[in-house]
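> the amino acid sequence is not available; the structure is as follows:
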């Protein structure tokens, strides 16, 4: 990936030199890890990189940098996030410079063993689940494109873990979720990593009224995760960052997938498909199916 | 009283009654429930009614909070689609409830514990029927608790 790295660094340097951007949001490599980095004009662009461990959804930083001219690396995940943020008027598209990259499919850190060989050669079994479902590997919205375009394999169908959970009976599902939720320590990493959780004050911090008990009883944790899923209903773009960052390994995204799948069937739309796609809960149809109403 | 009769006694204890929290829209369902009362229509008295300005006011947070506070079931009732005092509040509410319902089903909470109905101000009879149906269902489902036996 030496070339994409160099191309990227040159492109960023040019953006700063031409005074197109105030900040650049990308990935830097250090100590064998790739992590998000925000660069200014004076930063050293030689730290920038893009590899198969560039996990973080960089659009997460945009609401904070609102008002500035920002350049950022966009994978498909960021593109869909950008579209949702744009629909919700959280970003100003004309102030953004989207740097497109050919996404080589991100690796699942939980499947990587220490000192794994050549990362570029790892096959599908090491991919993150979302990457198998990816619709377009080359950034569609790109203003600048670095690297060589890659072909996108046919997206995989289905939601493996969700379907597995759904095979259980209602009692088993409740027990399964209870077990998962008993692990939750409410560190709110899922909320922090989520690019669409940008509220200044989250409902869990409210104390008048206090909607949800702050102690880590499994019921409280379950309620927190259910409400988070409701808040992301029809907005979640399935980047699975919530699950990736979970320190205890709860597959948080399964709850979001329940709604993503249902809304796709019910309302026939995919969140973040275009910047005009309004989230499902902010609009309605007069003849929405109401099979559950008495 | 013989010993055998004494042992039987706990079974005669008053029948368990469900705790139902009802979120009723001020303009239709609350008036509908009022009409049921003034028309002297008998119906189960297990619903604790909370009056809200519109079914669109009902946040999924309120529903989960009700469960957390000991409700066995939650009933949300509002104006029929198209009749909303605020024109479109119940349309938005409907979508919200679709999401919440889907999630509750998924995590294994009995779908009969969370019901939504449309009751207009003139439908006192319907309100009585809805409450009756919900109560009957909840009697079948039983008390709501997360804990499995012997857990915690």
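Cool, the structure landed. In this text the structure is predicted, and so the values were computed from the model without any measurement. Numbers count the residues shown, from 1 in each chain, chains lettered A, B, ... in the order given.

> show me where chain A has strands.
With DSSP state E as the criterion, chain A has strands at A:23-30, A:33-39, A:48-49, A:70-74, A:96-100, A:144-145.

> any idea which of those strands is most buried?
Greatest average neighbour count among the strands of chain A goes to strand A:70-74 (a mean of 24), per mean count of other CB atoms under 10 Å in any protein chain shown. C-beta here means a position set from N, CA and C on the backbone, and glycine is covered the same way.

> and the contacts of that strand?
A:8, A:12, A:15, A:20-27, A:50, A:54, A:58-59, A:61-62, A:78, A:82, A:95-101, A:139, A:141-142 (CB atoms under 8 Å, 6 or more residues apart in numbering or on different chains).

> for chain A, what are the nearby residues on chain B?
Neighbours of chain A within chain B, by CB under 8 Å from any CB of the partner chain: B:60-61, B:64-65, B:67-68, B:81-82, B:88, B:91-92, B:94-111, B:115-118, B:130, B:133-134, B:146, B:148.

> which of these are buried? Put it as a PyMOL command.
Only the buried entries of these go into this PyMOL selection, using 16 or more other CB atoms under 10 Å in any protein chain shown:
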select buried, chain B and resi 60+61+64+65+67+68+81+91+92+94+95+96+97+98+99+100+101+102+103+104+105+106+107+108+109+110+115+116+117+118+130+133+134+146
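
> could you tell me which of the residues of chain B next to chain A are located in helices?
Secondary structure from DSSP state H places B:60-61, B:64-65, B:67-68, B:91-92, B:94-106, B:130, B:133-134 of the residues of chain B next to chain A in helices.

> what's the domain layout of chain A?
A:2-145, A:160-282 (automatic domain parsing).

> any chance of the ones you listed in TSV, with mean pLDDT too?
Converted to TSV, the domains of chain A look like this (pLDDT from 0 to 100):
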stretch	mean pLDDT
domain A:2-145	89
domain A:160-282	93
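
> redo those as CSV? Include distance to residue B:51.
As requested, the domains of chain A are exported to CSV (distance: least, CB to CB, whole Å):
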stretch, distance to residue B:51
domain A:2-145, 32
domain A:160-282, 17
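
> list the residues that contact the residue of chain B found nearest chain A.
Closest residue of chain B to chain A, CB to the nearest CB: residue B:108 (3.1 Å). Contacts for residue B:108 (CB under 8 Å, 6+ apart) come out as A:168, A:169, A:170, A:171, A:172, A:173, A:174, A:175, A:176, A:177.

> now, of those residues, which are buried?
A:173, A:174, A:175, A:177.

> chain neighbours aside, what residue packs nearest to the last one?
It refers to residue A:177. Excluding its sequence neighbours, the residue lying closest to residue A:177 (CB to CB, 6 or more residues apart in numbering or on different chains) is residue B:107, at 4.6 Å.

> any idea how many residues pack against residue A:205?
13 (other CB atoms under 10 Å in any protein chain shown).

> which residues are in contact with it?
By CB under 8 Å, 6+ apart, residue A:205 has no neighbours at all.

> so the residue nearest the centre of chain B, which of the three states?
With distances taken as CA atoms, centre = their mean, residue B:75 lies nearest the centre of chain B, 2.8 Å away. Secondary structure state of residue B:75, per DSSP: H, G, I helix; E, B strand; the rest coil, is strand.

> so it sits against residue B:23, correct?
Yes: if you go by CB atoms under 8 Å, residue B:75 and residue B:23 touch, sitting 7.4 Å apart.

> what parts of the stretch 101-250 of chain A come near chain B?
Checking the stretch 101-250 of chain A against chain B by CB under 8 Å from any CB, the hits are A:165-166, A:168-178, A:203, A:209, A:211-213, A:218-220, A:222-223, A:226-227, A:229-230, A:233-234.

> partner residues bridging the residue nearest to the centre of chain B?
Taking DSSP bridges as the rule, residue B:75 bridges to residue B:22, residue B:115.

> so in chain B, where's the weakest helix or strand by average pLDDT?
helix B:3-12 (a mean of 57; mean pLDDT, DSSP states H and E).

> just give me the neighbour total for residue B:83.
Neighbours of residue B:83 (other CB under 10 Å): 15.

> could you do residue A:185 as well?
Residues near residue A:185, counting by other CB under 10 Å: 12.

> list the contacts for the residue nearest to it when sequence neighbours are not counted?
Among residues not flanking residue A:185 along the chain, residue A:216 sits closest, at 6.0 Å (CB to CB, 6+ apart). Residue A:216 sits next to A:184, A:185, A:186 when contact means CB under 8 Å, 6+ apart.

> what about 10 Å?
Counting by CB atoms under 10 Å, 6 or more residues apart in numbering or on different chains, residue A:216 touches A:181, A:182, A:183, A:184, A:185, A:186, A:187, A:224.

> so what's the last one up against?
Contacts here follow CB under 10 Å, 6+ apart; on that basis residue A:224 touches A:181, A:184, A:186, A:188, A:190-191, A:202-204, A:211-214, A:216, B:64.

> most surrounded residue in the residues you listed?
In terms of neighbour count, residue B:64 stands highest of these at 27 neighbours, by other CB under 10 Å.

> OK, contacts around the residue in chain A positioned nearest to chain B?
Closest contact between chain A and chain B, by CB to the nearest CB, is at residue A:174 (3.1 Å). Counting by CB under 10 Å, 6+ apart, residue A:174 makes contact with A:168, A:222, B:106, B:107, B:108, B:109, B:110, B:146, B:148.

> okay, now residue A:44: neighbour count?
Other residues within reach of residue A:44, judged by other CB under 10 Å, total 9.

> where does it fall, phi/psi-wise?
Residue A:44 adopts backbone torsions of phi -90, psi 110, taken as degrees, to the nearest 10.

> contacts only, for it.
A:9, A:28.

> measure it to residue A:135 for me?
Distance from residue A:44 to residue A:135, counting by CB to CB, to the nearest Å: 35 Å.

> swap in residue A:155?
According to CB to CB, residue A:155 and residue A:135 sit 6 Å apart.

> could you do residue B:38 as well?
In terms of CB to CB, residue B:38 sits 58 Å off from residue A:135.
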